[in-house]
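**Q** What would the 3D arrangement of this be:
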Amino acid sequence: MTLTNSTQLTNIRGVIIDLDGTMVHTAPDFQAAINLMREEFNLAPLSIETVIEFVGKGSEHLIQNILHVGLDEQTAKKHFDLALERYQHHYFTVNGKHSHVYDGVVEGLNKMREMGLRLACVTNKPHRFAVTLLEKTGLHDYFEVIYGGDSFSRKKPDPLPMLTVCSDFSLNPAQVLAIGDSSNDAQAARAAGCKVFAVPYGYNHGQPVQSIDSDGIVDSLFIAANRLAV
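**A** Numbering: from 1, shown residues only. Just a heads-up that it's a prediction; the model follows:
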């Protein structure tokens, strides 16, 4: 479903926004850290297109898939813990170095803040990396709460992070909109009872954004803000 200029959501009081692929193009950072790790294991570097296919379900899922490119199942399992540690070591050094904020993000966040909307960032990225990236990109102070993939016992597509934000804000889930780039965001939002917009420029596991069960596809966060009648 693509939103028309006349389509709006009403009675929205809070917005939950994903990070990687929604606010910030972070795939180049992932690629750099992954290939530094793979070099240590004498594995060939991977293209950014391959990396993007695996982004979105947390670091553990990412490294599991990355190791399977070049290693058999048993060997990949044997090296997983060390590979994850080395990836996180390298990611710490490159986090934000090769990334950039997507067009319309700052304008959209400013508009949402002017509208009095309560804002949360929920990502499957580890919390410490999310906070650092938001600080480096100047986006941190827009958000009342920031939750990472390690903030809870379950991460997106489980609804737990979304429901926690609703509780934090004392809002009914129907009053909260989630904005993300992947089916993880939509599934979590739907299960929580929230509305959901999808952006078309992110990392939906190699699948078209039209395959996401959303309440609309919006080209930017600024357009999303203008589709809200609060």
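
**Q** Count the neighbours of the residue lying closest to residue 104 once chain neighbours are set aside for me.
**A** Distances taken as Cβ to Cβ, 6 or more residues apart in numbering place residue 220 nearest to residue 104, at 2.8 Å, with adjacent residues excluded. Where you see a C-beta, it was placed from the backbone N, CA and C, and this is true even at glycine. Residue 220 sits with 17 neighbouring residues when counted by other Cβ atoms under 10 Å.

**Q** cool, and residue 157?
**A** When neighbours are counted by other Cβ under 10 Å, residue 157 registers 20.

**Q** likewise the one 10 residues further on?
**A** Applying the criterion other Cβ under 10 Å, we find 10 residues in the vicinity of residue 167.

**Q** Spell out which residues sit in contact with it, please.
**A** Residues near residue 167 by Cβ atoms under 8 Å, 6 or more residues apart in numbering: none.

**Q** Please report the distance of it from residue 214.
**A** Distance, residue 167 to residue 214, using Cβ to Cβ, to the nearest Å: 23 Å.

**Q** quick one, strands of the chain?
**A** Assigned by DSSP state E, the chain shows strands spanning 9-10, 14-17, 24-25, 100-101, 118-122, 145-147, 176-180, 195-198, 228-229.

**Q** Include mean pLDDT and distance to residue 82 when you put the ones you listed into TSV, please.
**A** As requested, the strands of the chain are exported to TSV (pLDDT from 0 to 100; distance: least, Cβ to Cβ, whole Å):
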stretch	mean pLDDT	distance to residue 82
strand 9-10	94	46
strand 14-17	98	33
strand 24-25	97	28
strand 100-101	97	31
strand 118-122	98	29
strand 145-147	98	28
strand 176-180	98	31
strand 195-198	97	36
strand 228-229	84	46
